[in-house]
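J.: Model the structure of this input:
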Amino acid sequence: MARRYLSIRLGNSFYASVLTEESSSGVRVVEKKMANVNRENLSENGIDRDALKSILIDSQVREYIVLLPHMDVITGILEFPLTDRKKIENALRFELENEVMDSVEDILFDYTILNNARSRTQIAYFTVRKERINAILSELQMIGIDPACLFCPQNAYSGLYKLIFEKNSKGVKLIVELTDNILTLSFVDNLGYSVGRSLIIPDSEDGSTVIRNFIITTLQYYKNRAFKDIVGTYIVTDDNNSELLMNIFYSDPGIKDVNRLILKDSEEDNLDEKYALPFAVSLGISELTKSDCQF
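T.: Sure thing, here's the model as predicted:
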């Protein structure tokens, strides 16, 4: 039987799942579900168990992939005057305590190397508090889910790198997602490495100003720390927010190559933006060795 994955997004106002199946032609969407979160029905860990149960699909799933809530993940970029990986890891533990203001003993973290040249290394890191990981795993186990993989949502779009890069092309492409009142900027390179940052957008009149400022500051942060050029930008959002994002990119950052990201659910239909993250994770997981998968 073909290998199947059920990828779950634990969002802010809704949960979404995408069931995918590997085939000779790639990965196809078998089924997708969404449930709105009832803020009056949250557990002590902030999970709506009824909503979560409703998106589980009894379809002989072999592996569950769970995207951590955006607000639980801290990401960033650090530079070291080192190229030796062991020395970088030792230095990273010290630097992270300054970055996330938590003891390194209280967090889980991982990193990827963005650049490694001229005796200096830039790395992208992401961290989650162990206490929060344990709480989420406990909630999942209560409803019979033992996830094969927990994934950082800010990095999830790395799973699309083969779709957004032509063969032998290089550089970095930016994916800007605005769904569920969460704005995420993910920088994906041609090898599938990525780093991203997220922000919850307030439901108020100054929301567009917050979005504009976050995009500008995040672009500047990336350019100053990663030293890589952005060769294309894709937008994942609904029609109402698409125009807002397009106007921001054309007016302020000066990035002109901006397009909507179209993902195919089937030959006839486009995949709704609410399912883009779990779909991207499924594509990425199908490319990876399934052992030791975390974040």
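
J.: do you know how far residue 98 is from residue 91?
T.: 11 Å (CB to CB, to the nearest Å). For every residue, glycine as well, the C-beta is placed using N, CA and C.

J.: neighbour-wise, which of the two wins?
T.: residue 91 (17 against 8; other CB atoms under 10 Å).

J.: quick check: longest helix of this structure.
T.: helix 207-226 (DSSP state H).

J.: mean confidence score for that helix?
T.: In this model, helix 207-226 has a mean pLDDT of 91.

J.: Who are the packing partners of the helix or strand containing residue 122?
T.: Per DSSP states H and E: residue 122 is located in strand 120-129. Secondary-structure packing of strand 120-129 (3 or more CB pairs under 8 Å, 6 or more residues apart in numbering; DSSP states H and E): strand 74-80, helix 85-100, strand 107-117, strand 194-200, helix 207-226.

J.: Between strand 74-80 and that strand, find me the angle.
T.: 150 degrees (axes from the mean of the first three to the mean of the last three CA atoms, to 10 degrees).

J.: Need the CA coordinates for the helix or strand just after the longest helix of the chain. CSV is fine.
T.: Next along the chain after helix 207-226, taking DSSP H and E as the criterion, comes strand 230-237. C-alpha atoms of strand 230-237 as CSV (Å, rounded to 0.1, in the frame of the first residue of the first chain):
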residue,chain,number,x,y,z
ILE,A,230,15.9,37.1,-2.8
VAL,A,231,15.2,36.1,-6.4
GLY,A,232,11.4,35.8,-6.2
THR,A,233,8.4,36.2,-3.8
TYR,A,234,5.2,34.2,-3.5
ILE,A,235,2.1,35.1,-1.6
VAL,A,236,-0.2,32.6,0.2
THR,A,237,-3.4,34.3,1.3
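
J.: Now the helix or strand just after strand 230-237: buried residues?
T.: Next along the chain after strand 230-237, taking DSSP H and E as the criterion, comes helix 239-251. By 16 or more other CB atoms under 10 Å, the buried positions in helix 239-251 come out as 241-242, 245-246, 248-249.

J.: helices or strands next to the helix or strand following helix 239-251 in the packing?
T.: Following helix 239-251 in sequence order, the next helix or strand is strand 258-260 (DSSP H and E). Judged by 3+ CB pairs under 8 Å, 6+ apart, strand 258-260 is in contact with strand 230-237, helix 239-251.

J.: try it again with 6 Å
T.: strand 230-237 (3 or more CB pairs under 6 Å, 6 or more residues apart in numbering; DSSP states H and E).

J.: After the strand holding residue 122, which helix or strand is next?
T.: Following strand 120-129 in sequence, per DSSP H and E, is helix 130-142.

J.: Mean confidence (pLDDT) on that following helix, please.
T.: The model assigns helix 130-142 a mean pLDDT of 93.

J.: where does the helix or strand that that helix is followed by sit relative to the chain's centre, distance-wise?
T.: Next helix or strand after helix 130-142 toward the C-terminus (DSSP H and E): strand 149-151. Put simply, strand 149-151 sits 11 Å off its chain's centre (CA atoms, centre = their mean, to the nearest Å).

J.: Strand partners (parallel or antiparallel) of strand 149-151?
T.: Sheet pairing for strand 149-151, assigned by DSSP bridges, gives strand 63-67 (parallel).

J.: any residues touching the strand it pairs with, and which ones?
T.: With CB atoms under 6 Å, 6 or more residues apart in numbering as the test, strand 63-67 has contacts from 5-9, 145, 147-151, 153, 281, 285.
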